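Visitor: need coordinates for the following:
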Amino acid sequence: MTEPHLTPARLDALTDQARALPRRRLHLNLHAGPYEPCQRLVNAMEPDSYIPPHRHVGHTTNECLLALRGAFALIIFDEAGTPLQALQFGGPAPDLEVVELSPAVWHTVIALETGSVLFETKSGPYRAESAKVAAPWAPPEYDPAADAYLAGLTAWARHRLEDG
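Guide: Numbering: from 1, shown residues only. Next up is the predicted model:
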């Protein structure tokens, strides 16, 4: 038997590395390669990490997200980019422990606490051309408008989550 991949020390190291990166997040693939039919990864994220809203058009099965540490908000958008729903997973009072997302749904994930780590799985194989389609109505990563957009989304999500 091999050493487990997800020890507390390994998650600590992943979180520390994510904090040092410009993107403020870092993933660790648990699958052997992009050809595998089940893609599995761990993603360490900080609250100032911006994942542009996107959808997965090449997948025919749900994406599954599980908070291993910290707390997250999954934000669902309509076709025009209006946020419709915020679901908390992880943290002291989550809406859900596990979030399943149907294929082709516009979404993003925001870390609500520093040191947050999530587990993600979706169908493979990974194909770069269809793995993630960026929303045309949201700023891309590294765009000067991305920080303000993320701040607005975070405020919207926190307000929605507090109101229940």
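Visitor: doesn't Gly152 lie inside a helix?
Guide: Yes: under DSSP: H, G, I helix; E, B strand; the rest coil, Gly152 sits within a helix.
Visitor: neighbours around it, how many?
Guide: By the measure other Cβ atoms under 10 Å, the count of residues near Gly152 is 11. For the C-beta atoms, the positions are set from N, CA and C on the backbone; glycine is no exception.
Visitor: contacts only, for it.
Guide: By Cβ atoms under 8 Å, 6 or more residues apart in numbering, Gly152 lies in contact with nothing.
Visitor: tell me the spacing between the nearest residue to Glu113 once chain neighbours are set aside and Leu112.
Guide: Leaving aside its sequence neighbours, Glu113 sits nearest to Gly70 (Cβ to Cβ, 6 or more residues apart in numbering; 4.1 Å). Separation of Gly70 from Leu112 (Cβ to Cβ, to the nearest Å): 7 Å.
Visitor: find residues that contact each of these two.
Guide: 90-91.
Visitor: picking that back up, need the pLDDT of the residue nearest to Glu113.
Guide: At Gly70 the predicted local distance difference test score is 94.
Visitor: can you map out the strands along the protein?
Guide: Using DSSP state E, the strands of the chain run over 25-29, 38-45, 54-55, 63-69, 71-77, 83-90, 98-101, 107-111, 116-123, 133-134.
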